[in-house]
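Peer 1: This is a predicted model, with the sequence first.
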2 protein chains.
Amino acid sequence: MEKENSSQMLPNKQIVLKNHIQGCPKESDFELKTTSVSTEISDGCSDNAVLLKNLYLACDPYLCHLMRADRHSLLTSSSLVPGSVVKGQGVAKVMKSGYGELKEGDYVWGVTGWEEFTWNFDPQNLLTKIQNYQHVPLSYYAGILGMPGLTAYAGFHEICCPKKGEAVYVSSAAGGVGHLVGQFAKMMGCYVVGSTSTQQKVHLLKTKLGFDNAFNYREVDLRSELNKYFPRGIDACFENVGGQTLDEVLLQMKTHGRIAVSGMISQYNVNEPHGVKNLFSLIERRLTLRGFVELDYKSMYRSYVEWALEKLQEKKLVYVEDVVPGLENAASAFVGIFHGHNVGKRVVVVAED
Amino acid sequence: MEKENSSQMLPNKQIVLKNHIQGCPKESDFELKTTSVSTEISDGCSDNAVLLKNLYLACDPYLCHLMRADRHSLLTSSSLVPGSVVKGQGVAKVMKSGYGELKEGDYVWGVTGWEEFTWNFDPQNLLTKIQNYQHVPLSYYAGILGMPGLTAYAGFHEICCPKKGEAVYVSSAAGGVGHLVGQFAKMMGCYVVGSTSTQQKVHLLKTKLGFDNAFNYREVDLRSELNKYFPRGIDACFENVGGQTLDEVLLQMKTHGRIAVSGMISQYNVNEPHGVKNLFSLIERRLTLRGFVELDYKSMYRSYVEWALEKLQEKKLVYVEDVVPGLENAASAFVGIFHGHNVGKRVVVVAED
């Protein structure tokens, strides 16, 4: 009790999930609350705990899935419960540390809360120390140098298994992960076409990001568009959308094609998932459909991040960041990604260090 | 012309597809016709052609898919067109050969017609010479020692990638492929549960075939049954059924589980495929869903067949054959497999050598 009494209390603005999400997420599903956080760890909690000052939060589409009631049978410990603070990936500064590998002033990326300050009780598994931030914005660790970057890199190389000259399709291609996958594919000597939701983003893909072609899926018939750009079929698909898109992709794959299932943004905000009907194509075309999360590829992180830092410095890799200032805008920033409002990786700034 | 005049004509009973199949195949979708076949090859045809006397025909479920009009967009050269003789896998004796690797009197297995005599114009790719038939019935080459056997072996080992002690689920487990998969899984030291369509077959799986357990999917709720037999989830699934079964399996898989998609018997006879809704499980559980056909594993055939012959002789492998006599019964034999009438591999006897 003495320990608790000696602790300082800090006001802590938080984004709290008000209710389970139904259909498309709305700003009213969230509320901004101000609570307080103790700067001292409570008795009985792990000695390893660290207190984080959150700097950047990633608007990752998969979070929507964790906020739904109807999918909870599938979920494990990561579900987000109404009344609790939203949790996701972010970049933070260590304020206090009971964990030997981190000290005050260190920067980390990993799982944190959508709030100003967060106690993290499992830093060993949930946080990665940021080693290099001299030449890049720290926010990059909520994107290209963090989870989305490794997702793109590992998923493309380990699951799409691309070969030079192969035809690659990337859905949600101007998103935080997709716009990296397209560039990785070009570096491999692949032919790459991406789909996205606005003409502005189509232009971005075709010019700044070097895609061979791109189209606005809202303005075309997906089947004929895929036929047009992939007359001989798709060798590898990096799938971020799911649902109807995946159904069409199954009909356009080449024999022995690979589909890396990274996300299903079209399915996070529907109450009834789209029933995929063309799975017979798996047999007929001998396809591999494989889901993954970057966690399984953590061992690749160090070498990936060194490689990506080098490519960024050489300007051979472009990272598109969509920065939204202020924790109070986090809910609207998050909701916007389900309407295609983001260009590249959307990141919310909580504090500027 | 002289050559043609010298040729002998043989009467040739055939099973002809009358119309594209809609819904479940019916006997009336087929007709028995008697035509005639020349024993001499026509001018202009490949010198490689061989004339086959068909002995055994395999009732393979996938043939139904090839007989449908509405799936033809997906299909290549293998579609079966109304008015033409049904084509599938079988065992035959070579009567005439223009192909150096085969001579009169040789036995082969591979693609042939549902008729008494068939000219095969691509024996190199479509036929495999039978080397060993002293100790096993020739009909086994339409099953365990042919395409279904290699399907079971390659799919289980190369796609299910089983490890000792893992939990394996086999759907359509008393079928021509499934009853072999279960035995291969037991040989690997796996825990194996299979589903089938009658109590008689449940009994067969649990006794003669050594499955750890089995259930009649028609009498239970699939979800609770899978929960009961796989309380910690399924590591590897050998899927022969598709549709609703696949949807349920996706919810019961363990993290990093593998699903080998060998067949989708539930989907061959419906006009509208079941829409699979639980594909998000692919991401959440990092699953691999992979379709295949045995063609891709032809290089494993020789070693597989030697191994299987040895296991059969040692009585460590049981092969269940469901033999239907007479080409005139082929349509009804084939239709029956979609109602679960077969026990093991259903084979039609055209001639006894």
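Peer 2: Cool, got the structure. This structure is a prediction, so every number in the text was calculated from the model and none was measured.
Peer 1: CA only for contacts and neighbour counts going forward, please
Peer 2: OK.
Peer 1: how about the residues of chain A that lie near chain B?
Peer 2: A:74-75, A:251, A:261-264, A:273-278, A:280-293 (Cα under 8 Å from any Cα of the partner chain).
Peer 1: could you redo the last one with a cut-off of 7 Å?
Peer 2: Chain A comes close to chain B at residues A:74, A:251, A:261-262, A:273-277, A:282-283, A:286-293, as judged by Cα under 7 Å from any Cα of the partner chain.
Peer 1: Out of those, which sit inside helices?
Peer 2: The helices, defined by DSSP state H, take in A:251, A:282, A:283 from these.
Peer 1: tell me the contacts of the last one?
Peer 2: For residue A:283, the contact set (Cα atoms under 7 Å, 6 or more residues apart in numbering or on different chains) comprises B:261, B:262, B:291, B:292, B:293.
Peer 1: swap the cut-off to 8 Å and go again
Peer 2: B:261, B:262, B:263, B:290, B:291, B:292, B:293 (Cα atoms under 8 Å, 6 or more residues apart in numbering or on different chains).
Peer 1: just these that are near chain A?
Peer 2: B:261, B:262, B:263, B:290, B:291, B:292, B:293.
Peer 1: So, low pLDDT: which residues of chain A?
Peer 2: A:1-6, A:42-46, A:71-78 (pLDDT under 70).
Peer 1: and it, what are its domains?
Peer 2: A:2-142+A:320-349, A:147-295 (automatic domain parsing).
Peer 1: Which one of those domains lies nearest to residue B:68?
Peer 2: domain A:147-295 (13.3 Å; Cα to Cα).
Peer 1: End to end on that closest one, go ahead and measure it.
Peer 2: 8 Å (Cα to Cα, to the nearest Å).
Peer 1: How far away from the center of its chain is it?
Peer 2: Relative to the centre of its chain, domain A:147-295 is centred 16 Å away, using Cα atoms, centre = their mean, to the nearest Å.
Peer 1: Pick the most deeply packed of the domains of chain A.
Peer 2: For the domains of chain A, the largest average neighbour count (mean count of other Cα atoms under 10 Å in any protein chain shown) is found in domain A:147-295, namely a mean of 21.
Peer 1: need the helices for the stretch 51-200 of chain A, in chain order.
Peer 2: A:62-66, A:123-126, A:147-154, A:178-187, A:199-206 (DSSP state H, counting those that start in this stretch).
Peer 1: Just the closest residue of the stretch 151-300 of chain A to chain B, please.
Peer 2: As assessed by Cα to the nearest Cα, chain B sits closest to residue A:275 within the stretch 151-300 of chain A, at 3.5 Å.
Peer 1: Now that residue: closest residue in space, sequence neighbours ignored.
Peer 2: Nearest residue to residue A:275, sequence neighbours excluded (Cα to Cα, 6 or more residues apart in numbering or on different chains): residue B:275, at 3.5 Å.
Peer 1: quick one: contacts for residue A:86?
Peer 2: Contacts of residue A:86 by Cα under 8 Å, 6+ apart are A:15, A:16, A:17, A:80, A:113, A:114.
Peer 1: Which members of those occur in strands, if any?
Peer 2: A:15, A:16, A:17, A:113 (DSSP state E).
Peer 1: which residue packs closest to the last one, ignoring adjacent ones?
Peer 2: When the adjacent residues along the chain are set aside, residue A:113 lies closest to residue A:87, with 4.4 Å between them (Cα to Cα, 6+ apart).
Peer 1: dump the residue contacts of the one you found.
Peer 2: A:80, A:111, A:112, A:113, A:114 are the contacts of residue A:87 under Cα under 8 Å, 6+ apart.
Peer 1: switch to 6 Å and redo it
Peer 2: Applying Cα atoms under 6 Å, 6 or more residues apart in numbering or on different chains to residue A:87 gives the contacts A:112, A:113, A:114.
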